[in-house]
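Student: Give the three-dimensional model of this entry:
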Amino acid sequence: MNKQGHEDADIIGFIVEHRDEHGYPPTVTEMAERFGLARATVHWHLQRMAREGKLERVVAGGIASARAIKITEQGMKLISSPLEQF
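Tutor: Prediction:
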């Protein structure tokens, strides 16, 4: 898995972990704090992963909520795939 794949898996893993623990996904701010990134960088990652089909941003009234994130089957594969063999 390349660097971007690892970053995606880390972010998706955190979203799933937070959702399972709290009952809802983390905010962009919580993700930024967790990974030491700027909020704009987290937004960029989320938008890219949405374009790639790894997650969906749920939009209500034309606005995506800070917690409106749904992980797709493709995204779940990133965190449930077996370890790569070396």
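
Student: quick one, strands of this structure?
Tutor: In the chain, the segments counted as strands under DSSP state E are 55-60, 63-71.

Student: ok, of these, where does mean pLDDT dip lowest?
Tutor: Per-stretch mean pLDDT for the strands of the chain is lowest at strand 63-71 (a mean of 76).

Student: could you point out where the chain is predicted with low confidence?
Tutor: 1-3, 5, 60, 62-66, 81-86 (pLDDT under 70).

Student: Just want the most central residue of it.
Tutor: Using CA atoms, centre = their mean, the residue of the chain that lies closest to the mean C-alpha position is residue 12, 3.7 Å off.

Student: How about the contacts made by that residue?
Tutor: 49, 54-55, 71, 75-76, 78-79 (CB atoms under 8 Å, 6 or more residues apart in numbering). Quick note: C-beta positions are derived from backbone N, CA and C, even for glycine.

Student: Check the gap between it and residue 37 for me.
Tutor: 15 Å (CB to CB, to the nearest Å).

Student: and what of residue 25?
Tutor: With CB to CB as the criterion, residue 25 and residue 37 are 16 Å apart.

Student: who's more crowded, those two?
Tutor: With neighbours defined as other CB atoms under 10 Å, residue 25 and residue 37 compare such that residue 25 has more, 22 against 17.

Student: How about the contacts made by that one?
Tutor: Counting by CB under 8 Å, 6+ apart, residue 25 has contacts 15, 18-19, 67-69.

Student: In PyMOL, how would I select the buried members of these?
Tutor: For the buried members of the contacts of residue 25, the matching PyMOL selection, counting by 16 or more other CB atoms under 10 Å, is:
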select buried, resi 15+18+19+67+69
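
Student: Looking at the contacts of residue 25, which is nearest residue 43?
Tutor: Comparing these against residue 43 with CB to CB places residue 69 closest, at 11.5 Å.

Student: What's the local residue count around residue 73?
Tutor: By other CB under 10 Å, the residues close to residue 73 number 9.

Student: give me the beta-bridge partners of residue 56?
Tutor: As for beta bridges, residue 56 partners with residue 70 under DSSP bridges.
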